[in-house]
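# Fold the following for me, if possible:
(one chain, ligands or ions: 1)
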Amino acid sequence: MFDFDENIDRRGTQSLKWDKYRDRDILPLWVADTDFRSPPAVMDALKQRVEHGIFGYSRPSPRLIQLIIDRMANRYGWEIKAEWLLFMPGVVPGLNFACRAWSQPHKNIITPKPVYYPFLHAPEYNDRTVVYLPMQLDDNDRWLPDFEQLEALAENADLLLLCHPHNPGGTVYNRNELERIADIAQRHNLIVCSDEIHCDLLLDPQAKHIPFASINSDAAQRSAVLMAPSKTFNIAGLCCSFAIIPNPQLRQKLQHAMRGLMADNNLLGFIAAEAAYAEGDEWLTAQLDYLRENRDLVRRELNQLAGVHVAKIEATYLAWIDVSALQLDDPILFFEQAGVGLSPGAQFGDRHFVRLNFGCPRPLLREALTRMKNALQSR
Ligand SMILES: Cc1ncc(COP(=O)(O)O)c(C=O)c1O
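Reported below is the predicted structural model:
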């Protein structure tokens with residue numbers, strides 16, 4: 001019913017992803033948006049709203065707020081209240097304001113590493129000290145934080161930035177793991193800011209997303225959950241995200257930190273979010289089926305190559321590829337010369353990796369994998 005194989009030309013559409021290699025034969029599989037058209041309901045709602053012709057300052061509709069409340073209840077059994085919600089144009093500003101609002105200058109902020117790069121910089125941008133929580137592969141080929149290290153780092157920290165599901169690596173933390181984090185947070189009085197932007201993109205049928213704040217009543221009072229429809233429905237350019245913060249003091253501190261600095265949301269982002277949450281789930285299920293096959297293809301093809309390893313990817317459309325054994329001087333340049341544009345692992349905190357975005361039509365993905373394979377085999 002939805003054609004994810006369709007090759008939609010994104011050149012000349014102000015796409016960050018596609019403009020990077022505008023005049024070169026390099027397939028762009030880097031920044032995290034997909035090459036899929038958003039659900040038909042989203043496009044219809046946007047068209048209808050554009051027809052109205054007036055685009056003044058906006059607020060989220062009561063229906064959007066109710067859709068988010070219902071989504072949390074239906075998907076996670078999490079009963080949230082309308083007043084817990086704060087809308088923001090992006091999740092990244094939320095992470096930055098969290099550092100400003102919830103951490104003291106004499107304390108550290110813990111961030112996993114490797115991780116989506118704004119986590120690495122948000123503390124420093126806000127005059128705070130960052131300490132790194134190493135992510136490592138467990139016996140099951142899943143990326144997990146070093147929990148002992150977390151315990152040690154928590155001594156001098158007051159804020160943990162959690163990426164759940166984790167980017168890159170795609171780990172969906174299970175209840176046990178979340179409880180372990182929540183327990184450490186409770187004993188060391190850490191606030192947890194949980195970026196859950198990828199929560200709808202679960203590829204493993206047995207993986208189940210659990211919002212950090214829903215784990216127990218203590219976690220609820222010491223955390224914020226950041227979510228958005230942007231990755232799920234490919235509407236990142238419309239800038240609509242939200243924080244769910246049960247604790248009124250944390251909410252107030254965040255609002256205080258944001259005063260005068262946080263822009264209003266984009267009206268069209270509200271419209272798209274509402275349509276996506278109201279009518280996009282059938283499309284989402286089809287997209288997940290498609291992404292799951294793309295993921296399997298990526299792992300199958302790349303794991304056959306000597307010196308390359310892609311661990312399990314439970315969620316996201318991002319493959320975190322270990323190329324350390326290849327000993328490439330500059331992995332990004334090597335793959336660009338092969339005609340494939342990837343994200344540098346160094347940006348996320350490990351230069352021995354590259355990240356590949358498989359949120360694209362399968363013919364394009366196949367072509368990219370063939371180029372990578374040929375380049376490696378003819379080295
Ligand atoms: C974990 C994570 N958080 C946040 C973002 C971006 O969020 P936003 O565009 O809403 O600032 C991304 C985009 O790749 C991401 O992977």
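# Residue ranges in the stretch 201-350 of the chain under the pLDDT threshold?
Nowhere does the stretch 201-350 of the chain drop to pLDDT under 70.
# Return the residues of it in contact with the ligand.
228, 230, 236, 241 (Cβ under 6 Å from any ligand atom). C-beta here means a position set from N, CA and C on the backbone, and glycine is covered the same way.
# Just flag the most distant two among those residues.
A236 and S241 (9.5 Å; Cβ to Cβ).
# Find the residues that touch each one of those two.
Among the neighbours of A236, those also in contact with S241 (Cβ atoms under 8 Å, 6 or more residues apart in numbering) are S230.
# Of those two, which one has the most company?
Of the pair A236 and S241, S241 is the one with more neighbours under other Cβ atoms under 10 Å, namely 24 against 21.
# what about the nearest residue to the more buried one once chain neighbours are set aside, neighbour count?
Nearest residue to S241 in three dimensions, chain neighbours excluded: A228, at 3.5 Å (Cβ to Cβ, 6 or more residues apart in numbering). Burial measure for A228: 29 neighbouring residues, criterion other Cβ under 10 Å.
# Next one: A228 relative to F87, how far apart?
Counting by Cβ to Cβ, to the nearest Å, the separation of A228 from F87 is 10 Å.
# Would you mind giving the residues of the stretch 201-350 of the chain next to the ligand as CSV with distance to V130 and secondary structure added?
Formatted as CSV, these follow (distance: Cβ to Cβ, whole Å; DSSP: H, G, I helix; E, B strand; the rest coil):
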residue, distance to V130, secondary structure
A228, 23, coil
S230, 25, coil
A236, 25, helix
S241, 22, strand
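# tell me which strands and helices the helix or strand containing D183 is in contact with?
Counting by DSSP states H and E, the element that carries D183 is helix 175-187. For helix 175-187, the elements it packs on are helix 147-154, strand 157-163, strand 191-195, helix 217-221, judged by 3 or more Cβ pairs under 8 Å, 6 or more residues apart in numbering; DSSP states H and E.
# which one of these is the most hemmed in?
Highest mean neighbour count of those: strand 191-195, a mean of 27 (counted as mean count of other Cβ atoms under 10 Å).
# In its sheet, which strands sit next to that one, and in what direction?
Each strand that pairs with strand 191-195, with its direction, by DSSP bridges: strand 157-163 (parallel), strand 223-227 (parallel).
# Could you chop this protein up by domain?
Using automatic domain parsing, the domain ranges for the chain come out as 16-38+281-377, 47-279.
# quick one, helices of the stretch 201-350 of the chain?
217-221, 248-258, 267-279, 281-303, 331-337, 345-348 (DSSP state H, counting those that start in this stretch).
# okay, those helices, which one's buried deepest?
A comparison of those by mean neighbour count, using mean count of other Cβ under 10 Å, puts helix 267-279 on top with a mean of 23.
# and it, how far from the chain's centre?
With Cα atoms, centre = their mean, to the nearest Å as the basis, helix 267-279 stands 19 Å off its chain's centre.
# Show residues contacting that helix.
Under the contact criterion Cβ under 8 Å, 6+ apart, helix 267-279 has outside partners 38-39, 41-42, 44-46, 49-50, 55-56, 58-61, 63-64, 67-68, 71, 87, 89, 229, 232-233, 235, 238-240.
# out of those residues, which are buried?
Using 16 or more other Cβ atoms under 10 Å as the burial test, the contacts of helix 267-279 include 38-39, 41-42, 45-46, 49, 60, 64, 67-68, 71, 87, 89, 229, 232-233, 235, 238-240 as buried.
# how about the residues of the stretch 1-150 of the chain that lie near the ligand?
Near the ligand, the residues belonging to the stretch 1-150 of the chain are 32, 90-92, 116 when assessed by Cβ under 6 Å from any ligand atom.
# Check I109 and give its pLDDT.
Note on I109: pLDDT of 98.
# Chain neighbours aside, what residue packs nearest to it?
Spatial nearest neighbour of I109, excluding adjacent residues (Cβ to Cβ, 6+ apart): P123 at 4.1 Å.
# Now do the buried residues in the helix or strand containing that neighbour.
In this assignment (DSSP H and E), P123 forms part of helix 118-125. When burial is assessed from 16+ other Cβ under 10 Å, helix 118-125 yields the following buried residues: 118-120, 122-123.
# Closest one to the ligand out of the residues you listed, please.
Using Cβ to the nearest ligand atom, P118 is the member of these that sits closest to the ligand, with 6.7 Å.
# Surely the residue nearest to I109 and W102 touch.
No. Here P123 lies out of contact with W102, judged by Cβ atoms under 8 Å, at a distance of 11.3 Å.
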